[in-house]
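Participant: model this:
(one chain, ligands or ions: 1)
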Amino acid sequence: MSSIQKLNQIYEGKAKKVFATSSPDYYIVEYKDDATAFNGLKHGTITGKGIINNKMSNAMFQLLEKNGVKTHFVEQLSDRETLVKAVKIVPLEIIIRNIAAGSFSKRYGVEEGTQLKISTLEYSLKNDELNDPLINDSHIIALGVATEQELSQISAMAYKINDVLKNFFAGIGIKLIDFKIEAGRLINNNNEIILADEISPDTCRFWDAKTNEKLDKDRFRRDLGGVEEAYQEIFSRINQ
Ligand code: UDP
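Facilitator: Numbers count the residues shown, from 1 in each chain. Sure, this is the predicted structure:
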């Protein structure tokens with residue numbers, strides 16, 4: 001894989017840049033320290049975040065691969081760069097919740113921290129202009145965002161990821177409150193659905209199991225302080 005060259009930037013998102021490579025089958029992602037919240041209304045920098053999110057995401061993707069989940073991960077190239085399989089992202093935020101928090105608590109008037117009787121799955125349409133609206137299965141299929149077959153693969157993948165991650169984080173004293181994943185269609189391979197994007201404190205809610213201290217991006221969103229320290233704490237526990 002070391003013969004693959006990094007070429008032009010093809011996309012810049014809020015937290016990552018994506019580059020084409022000398023092979024059409026691979027991209028290189030580069031993680032930034034930039035942080036945004038509330039659909040880009042709040043901007044900031046979390047020093048060292050890009051390095052932690054790159055390494056943590058790669059560790060999570062390798063753990064998931066071991067447990068039978070197909071991901072875009074190929075090889076970490078540097079502190080901030082990773083070689084990944086080229087995919088077209090399905091424009092959905094796929095959200096699993098174990099404990100009520102954030103927009104769920106607000107929408108339904110449920111206190112943050114309330115244990116849900118089952119893990120839930122919901123989708124938002126990735127569209128900044130529309131503010132990422134909630135969308136249901138039939139609307140996703142009706143609009144051609146994904147097929148019925150793709151949605152059933154996506155939901156099975158999301159619940160499987162929840163099982164693996166919930167277990168893993170319980171083992172290091174962390175409650176996995178909720179998380180967001182993104183799925184991609186593998187270019188040049190029948191559009192097979194695989195896990196793409198990242199799994200990090202930017203995209204998951206993590207609470208300390210004993211104290212319920214928030215160890216994720218809510219510290220930035222809500223101006224709680226200790227943002228860098230929270231990312232570092234999660235990263236150290238993963239590597240303990
Ligand atoms: N999430 C994300 N990107 C988004 C929206 C949500 O990664 O654009 C994650 C968020 O970090 C949390 C989960 O998805 O772990 C559920 O977020 P929620 O719907 O409660 O939204 P929020 O309160 O962040 O607006």
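
Participant: roughly how far apart are the residue of the chain found nearest the ligand and residue 141?
Facilitator: Nearest residue of the chain to the ligand: residue 102, at 2.3 Å (CB to the nearest ligand atom). The C-beta positions use only the backbone N, C-alpha and C, and glycine is treated the same way. Counting by CB to CB, to the nearest Å, the separation of residue 102 from residue 141 is 26 Å.

Participant: who does the longest helix along the chain touch, helix- and strand-wise?
Facilitator: Taking residue count as the measure and DSSP state H as the definition, the longest helix of the chain comes out as helix 148-171. Counting contacts by 3 or more CB pairs under 8 Å, 6 or more residues apart in numbering; DSSP states H and E, the secondary-structure elements packed against helix 148-171 are helix 49-66, strand 92-99, strand 115-125, helix 137-142, strand 174-186, strand 193-196.

Participant: Looking at those, spot the one closest to residue 164.
Facilitator: When the helices and strands packed on helix 148-171 are ranked by distance to residue 164, counting by CB to CB, first place goes to helix 49-66 at 5.8 Å.

Participant: Can you pull the residues of this protein lying near the ligand?
Facilitator: Taking CB under 6 Å from any ligand atom as the contact definition, the chain meets the ligand at 93, 95, 101-104, 132, 178-180, 203-205, 217.

Participant: Tabulate those (JSON lines), appending pLDDT, neighbour count and distance to residue 196.
Facilitator: Formatted as JSON lines, the entries for those read as follows, by pLDDT from 0 to 100; neighbours: other CB atoms under 10 Å; distance: CB to CB, whole Å:
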{"residue": "93", "pLDDT": "98", "neighbour count": "18", "distance to residue 196": "12"}
{"residue": "95", "pLDDT": "99", "neighbour count": "20", "distance to residue 196": "15"}
{"residue": "101", "pLDDT": "98", "neighbour count": "21", "distance to residue 196": "24"}
{"residue": "102", "pLDDT": "98", "neighbour count": "15", "distance to residue 196": "22"}
{"residue": "103", "pLDDT": "98", "neighbour count": "14", "distance to residue 196": "22"}
{"residue": "104", "pLDDT": "98", "neighbour count": "19", "distance to residue 196": "24"}
{"residue": "132", "pLDDT": "97", "neighbour count": "17", "distance to residue 196": "17"}
{"residue": "178", "pLDDT": "99", "neighbour count": "24", "distance to residue 196": "19"}
{"residue": "179", "pLDDT": "99", "neighbour count": "23", "distance to residue 196": "14"}
{"residue": "180", "pLDDT": "98", "neighbour count": "19", "distance to residue 196": "12"}
{"residue": "203", "pLDDT": "98", "neighbour count": "20", "distance to residue 196": "12"}
{"residue": "204", "pLDDT": "98", "neighbour count": "24", "distance to residue 196": "15"}
{"residue": "205", "pLDDT": "98", "neighbour count": "22", "distance to residue 196": "20"}
{"residue": "217", "pLDDT": "98", "neighbour count": "24", "distance to residue 196": "19"}
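
Participant: Nice, that's everything, thank you.
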